[in-house]
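Visitor: Task: produce atomic coordinates for the following.
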Amino acid sequence: MKAEDIRELRPEEIRQRIRDEKEQLSHLKFQHAIAELPNPMVLREKRRLIGRLSSVLTSKDAENDSNQ
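Guide: Next up is the predicted model:
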């Protein structure tokens, strides 16, 4: 998911996606600790997606605060 796609989402949707992605990342880390993942790069992709989501959410929150 690209930043442009994320910007189209509402802040509540972004927060939900962050929770979901963190849960999936936790599950993947657990799987990776137990056995080898078929594609360990998915961990990196999840971390980066969470970072992207968080960045867009922060900018949206700052934008809303400045408008009020």
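Visitor: My read is that Ile18 contacts Arg52, right?
Guide: No - counting by CB atoms under 8 Å, Ile18 does not reach Arg52; the two are 9.9 Å apart. The C-beta positions use only the backbone N, C-alpha and C, and glycine is treated the same way.
Visitor: residues of the lengthiest helix in the chain that come out buried?
Guide: Longest helix of the chain, by residue count under DSSP state H: helix 41-67. Going by neighbour count (16 or more other CB atoms under 10 Å), the buried part of helix 41-67 is 46, 49-50, 52-53, 56-57, 60.
Visitor: State the distance from Pro38 to Glu12.
Guide: 33 Å (CB to CB, to the nearest Å).
Visitor: Equivalent analysis for Pro40, please.
Guide: 32 Å.
Visitor: Ala62 too?
Guide: 17 Å.
Visitor: Quick one: end-to-end distance for stretch 31-51.
Guide: 22 Å (CA to CA, to the nearest Å).
Visitor: Not counting sequence-adjacent ones, nearest residue to the most centrally placed residue in the chain?
Guide: The C-alpha lying nearest the average C-alpha coordinate of the chain belongs to Ile50 (CA atoms, centre = their mean; 2.3 Å). Using CB to CB, 6 or more residues apart in numbering and skipping the chain neighbours, the partner closest in space to Ile50 is Glu21 (5.0 Å).
Visitor: what's near enough to touch that neighbour?
Guide: Contact partners of Glu21, counting by CB atoms under 8 Å, 6 or more residues apart in numbering, are 46, 49-50, 53.
Visitor: Now it: phi and psi?
Guide: Torsion angles at Glu21 (phi, psi; degrees, to the nearest 10) stand at phi -70, psi -40.
Visitor: again, but for Arg10
Guide: The phi/psi pair for Arg10 (degrees, to the nearest 10) is phi -80, psi 160.
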